[in-house]
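K.L.:
I would like to see how this sequence folds:
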Amino acid sequence: MKIAAVDLGTNTFLCLIAEVIGQSPTRSLKVIEDVARVVRLGEKVHENRAFLPIALERAARCLTEFQELIKENKVDKVIATATSAARDATNGHKLIQLGRDRGIPIHIIEGRREASLSFAGAVSAVPDAHKRKILVIDVGGGSTELIFSENGNTLKERSFDVGCVRQTEIYLKKDPIDFTEYENMKQVVLKVLKEYGRVDPDLIIAVAGTPTTLACIDQKISFDDSKVEGHVLTKSRIQELAKELGSLTLEERKKVKGLEPLRADVIVAGCALLECGLDVAQQSELRVSTRGLRYGVALNYESFK
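P.N.:
Now for the predicted structure:
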């Protein structure tokens, strides 16, 4: 079974095309294509509660690109998921129609389901996941998910309406970053995430564009899956990166090795979200994964009708 799993995030659209091998729960994926595009679908959604026309135009262009990729690979099943921005937008039906026009059925999924699928994708790279206490931090543009499982038992999953795009638009309006505003934002985020409660993971995995980008910046490399997957970021290093990047102007950040220019404006808020996630778990480091929601969707494709 060849699956196209399309993740329509608040900031980034991703298209994974993979061959599903074996049966659940031990199945795996043979990756054929894995493409990411910064679309910023959720631009100002928290203010307007609706997608901007220009954001929908960007979404349309990206979905057309994905449509061609899907056709070229003769995919058996296409599943697209939309998350935080689509949940918030009053005109989410316009996004659904863009997908329908291109043969890409879009499912707007609620936060808890997003969290559980992101967890499944993230731990698919951990061979002994069922024997460990794992916390997955999924930093999105509009929301952040925390998902914990001990020895493969029932997940503790929560989705919180704090994300790198949302927090940047609300708090970080100066260029370079005003670090008083940054610290104020971080306190707000920490208060929200602390609602999750105490967990004691022996492994923290961070997924989505923020941690993978920081892994590239930390190593001074362009994106390379083999070097990003499993890269360890300490809390102190994340703090250093926030300071270094926030002290630059936006135009200077766009030139930093490993930082995609379209992500330059939201990466500092992303640092705060990761740091606060570590604070909630009272841990000092995390492991970066290139996997996440789209991998979980592909592995659990039967759950989508």
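K.L.:
can you pull out the strands in the stretch 201-305 of the chain?
P.N.:
203-207, 232-234, 285-288 (DSSP state E, counting those that start in this stretch).
K.L.:
nearest to residue 23, of the ones you listed?
P.N.:
Closest approach to residue 23 among the strands of the stretch 201-305 of the chain (C-beta to C-beta): strand 203-207, 24.3 Å. For the C-beta atoms, the positions are set from N, CA and C on the backbone; glycine is no exception.
K.L.:
re the thing from before, in a markdown table: the strands of the stretch 201-305 of the chain, plus distance to residue 90 and mean neighbour count.
P.N.:
Formatted as a markdown table, those follow (distance: least, C-beta to C-beta, whole Å; neighbours: other C-beta atoms under 10 Å):
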| stretch | distance to residue 90 | mean neighbour count |
| --- | --- | --- |
| strand 203-207 | 29 | 24 |
| strand 232-234 | 37 | 16 |
| strand 285-288 | 35 | 21 |
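K.L.:
can you put these in TSV and add distance to residue 69 and mean pLDDT?
P.N.:
Output for these, formatted as TSV (distance: least, C-beta to C-beta, whole Å; pLDDT from 0 to 100):
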stretch	distance to residue 69	mean pLDDT
strand 203-207	22	96
strand 232-234	31	98
strand 285-288	25	98
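K.L.:
average pLDDT for stretch 291-303, rounded please.
P.N.:
For stretch 291-303, the mean per-residue pLDDT is 94.
K.L.:
first-to-last residue distance for that stretch?
P.N.:
19 Å (C-alpha to C-alpha, to the nearest Å).
K.L.:
then stretch 70-83?
P.N.:
Stretch 70-83: ends 21 Å apart by C-alpha to C-alpha.
K.L.:
centre of the chain to that stretch, how far?
P.N.:
Distance of stretch 70-83 from the chain centroid (C-alpha atoms, centre = their mean, to the nearest Å) equals 19 Å.
K.L.:
ok, stretch 42-51 next?
P.N.:
Per C-alpha atoms, centre = their mean, the centroid offset for stretch 42-51 relative to its chain is 18 Å.
K.L.:
convert the C-alpha atoms of it to PDB, please.
P.N.:
Taking Å, rounded to 0.1, in the frame of the first residue of the first chain, the C-alpha atoms of stretch 42-51 are listed here in PDB:
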ATOM      1  CA  GLY A  42      -2.200  30.400   9.900                       C
ATOM      2  CA  GLU A  43      -1.000  34.000   9.300                       C
ATOM      3  CA  LYS A  44      -3.000  36.200  11.600                       C
ATOM      4  CA  VAL A  45      -5.600  33.500  12.200                       C
ATOM      5  CA  HIS A  46      -5.500  34.300  16.000                       C
ATOM      6  CA  GLU A  47      -6.600  37.900  15.200                       C
ATOM      7  CA  ASN A  48      -9.100  37.300  12.400                       C
ATOM      8  CA  ARG A  49     -10.300  33.800  13.200                       C
ATOM      9  CA  ALA A  50     -10.200  33.200   9.400                       C
ATOM     10  CA  PHE A  51      -7.600  32.400   6.700                       C
END
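K.L.:
for the stretch 101-250 of the chain, which segments are assigned as helices?
P.N.:
Ranges of helices within the stretch 101-250 of the chain are 111-123, 164-171, 179-193, 209-219, 225-228, 235-246, 250-253, based on DSSP state H, counting those that start in this stretch.
K.L.:
closest to residue 58 out of these?
P.N.:
Among those, the nearest to residue 58 by C-beta to C-beta is helix 164-171 (13.4 Å).
K.L.:
tell me what angle that closest one forms with helix 209-219.
P.N.:
Here the directions of helix 164-171 and helix 209-219 differ by 90 degrees (axes from the mean of the first three to the mean of the last three C-alpha atoms, to 10 degrees).
K.L.:
that'll do, ta.
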